[in-house]
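# When you get a sec, could you give me coordinates for this:
(chains A and B)
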Amino acid sequence: MSYYDIDAILTDSQKVPCTFEVDVPGLGYLESSSASPDIKAGTRIQLPLWLAEMLAVSQRLGTLENVISLDIPEALAPRVQNALKADPKTVELRSLATHFYGLGERVLGLFEEEELCDVLINTYKQRTAEISDLAHNPQGALGGDAGAFLRGLDEEERQLFRVAHDSYKDMKAFMGEKTRK
Amino acid sequence: MTTQAHTGVGHLTPFEVSFLAENETITIVPRQRLESLDLIQGYIRSFRPPQRAEIPLWLALVLKKQKRCNIIPPEWLSSANIKSILKWEMENPQAFSSDLPWRWLETAEIILDAAADDIPDTGMGGEDDLRVLLRGLREVRQTKAREGLKQLESSYLQMNGLGLLEITELRGFAGAVVDGLRKLGATREESRRADEEDGMDEDEDTQNSTVHGRSTTAGRSSTVGRSSAAVRGSSMAAGSSMVGDFNDEDEF
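Take a look at the predicted model:
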């Protein structure tokens, strides 16, 4: 992951729900619906991960008050966790978040969520096994359920699919060239 | 034919692996006399047919192409042997046979490709044909390897007995999956490690606190001390998560 890694940047810019704990003068423009120039304590707002993370761990000078409090993002809500527990392969991760695992990883760093950690790891394992099978069987991957599954892959899974399919293709090229002569 | 251009980073392609396999030695029966060759890699003695000679595979391929030698297939590359290994592989769905050499797949491909006429048991078709057996063997092992991948953990994967080309095929995917699992489990790992360290420091901590309790008499000063410690603690936590990010970046 380099400084210019586009996926890291996109992961950072995913939104998480936050609640402001204090009044902040001059930040009213963050909330598009309000006319006032200031942000009031108790305002709920979606902030990008990079900003929310910094604000959540920082404190107002001299006090123990947090500036904002974070909530678990929609993509990792209990509803989604239950769906993932039931069957990881039918959930369209891409429609929840384009960088689903990246988001999950960051949220795990901010919250103590043992269960979420288990759910994510289990989901990842089951889905990668499916991805590897589909990458070796391009015909089967095109239609029906498999096609729907592949469209629902998040960005990291897409890259995995590409890697697996490339190695399959390289191998086929090698074996094919040797046997065709 | 398009192969992925090799950019100098990343993994070996199957073609590169088979190129490397051409440096293995192989036995040949020369058909002509040939003077000795003094190569950088080693000295190749003069050929005196029908004496057998051991030479690198790449040289054998050149000579074979010019019809100056016959290649003697290695001992393991016979249909009887491959058949028994295949049988063993079918009977043991959890393990890979250790009777195959490290570069079995690529070597077999190269030899069958260049010198099929020197190998008995090929070209007649049927289930005893060496090519058919090799393909069967490869498929059985591939299925096992894929089953093995489903048990990937964030820390390690053990599959003994895989050949180099088979590893090459799996490497990209397996590496990426392990990395993904490591990232998801990173926080848990971190807290586990912190717990371990706490466990070790516990004795010192209790000592310190008793000393502290005795020395502080004024209640007020002790609360100030505690709150400042809490602030330091949380800012340190923020700092350590930043450090964690940094480490992640370093590894790529």
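# and whichever residue of chain A sits closest to chain B, what element?
Closest residue of chain A to chain B, C-beta to the nearest C-beta: A:F174 (3.7 Å). Backbone N, C-alpha and C define where each C-beta goes, glycine included. Using DSSP states H and E, the element containing A:F174 is helix A:155-180.
# pull the CA atoms of stretch A:115-127 into PDB?
This file holds the C-alpha atoms of stretch A:115-127, laid out as PDB (Å, rounded to 0.1, in the frame of the first residue of the first chain):
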ATOM      1  CA  GLU A 115     -18.400 -10.600  17.000                       C
ATOM      2  CA  LEU A 116     -18.000  -8.300  13.900                       C
ATOM      3  CA  CYS A 117     -14.400  -9.500  13.600                       C
ATOM      4  CA  ASP A 118     -15.500 -13.100  13.600                       C
ATOM      5  CA  VAL A 119     -18.300 -12.400  11.100                       C
ATOM      6  CA  LEU A 120     -15.900 -10.500   8.700                       C
ATOM      7  CA  ILE A 121     -13.200 -13.200   8.800                       C
ATOM      8  CA  ASN A 122     -15.700 -16.000   8.200                       C
ATOM      9  CA  THR A 123     -17.300 -14.000   5.400                       C
ATOM     10  CA  TYR A 124     -13.900 -13.400   3.800                       C
ATOM     11  CA  LYS A 125     -12.900 -17.000   4.000                       C
ATOM     12  CA  GLN A 126     -16.100 -18.400   2.500                       C
ATOM     13  CA  ARG A 127     -16.300 -15.800  -0.300                       C
END
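# and it, anywhere near chain B?
Yes: applying C-beta under 8 Å from any C-beta of the partner chain, one finds stretch A:115-127 touching chain B at A:117, A:120-121, A:124-125.
# neighbours around the residue in the stretch 1-150 of chain B that chain A sits nearest to, how many?
The stretch 1-150 of chain B approaches chain A most closely through B:P14 (3.7 Å), counting by C-beta to the nearest C-beta. Neighbour count of B:P14, defined by other C-beta atoms under 10 Å in any protein chain shown: 23.
# what's the pLDDT at it?
B:P14 is assigned a predicted lDDT (pLDDT) of 89.
# which residues does it contact?
A:170-171, A:173-175, B:106, B:165, B:168-169 (C-beta atoms under 8 Å, 6 or more residues apart in numbering or on different chains).
# residues near A:L93, how many?
Using other C-beta under 10 Å: A:L93 sits among 24 other residues.
# Just name the lowest-scoring one in the contacts of B:P14, pLDDT-wise.
Lowest pLDDT among the contacts of B:P14: A:M175, 84.
# wait, isn't that one in contact with B:E109?
Yes: A:M175 is within contact range of B:E109, at 7.0 Å (criterion: C-beta atoms under 8 Å).
# of those two, who's got more company?
The neighbour count for A:M175 versus B:E109, taken as other C-beta under 10 Å, is higher for B:E109 (23 against 17).
# The more buried one: which element?
In the assignment (DSSP H and E), B:E109 maps to helix B:104-114.
# Kindly export that helix (C-alpha atoms) in PDB.
Taking C-alpha atoms only, helix B:104-114 is exported to PDB below (Å, rounded to 0.1, in the frame of the first residue of the first chain):
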ATOM      1  CA  TRP B 104       8.100 -32.700 -11.700                       C
ATOM      2  CA  LEU B 105       5.400 -31.000 -13.700                       C
ATOM      3  CA  GLU B 106       7.500 -28.600 -15.700                       C
ATOM      4  CA  THR B 107      10.200 -31.200 -16.300                       C
ATOM      5  CA  ALA B 108       7.700 -33.700 -17.500                       C
ATOM      6  CA  GLU B 109       6.100 -31.100 -19.800                       C
ATOM      7  CA  ILE B 110       9.500 -30.200 -21.300                       C
ATOM      8  CA  ILE B 111      10.600 -33.800 -21.900                       C
ATOM      9  CA  LEU B 112       7.300 -35.000 -23.200                       C
ATOM     10  CA  ASP B 113       7.300 -32.000 -25.500                       C
ATOM     11  CA  ALA B 114      10.800 -32.300 -26.900                       C
END
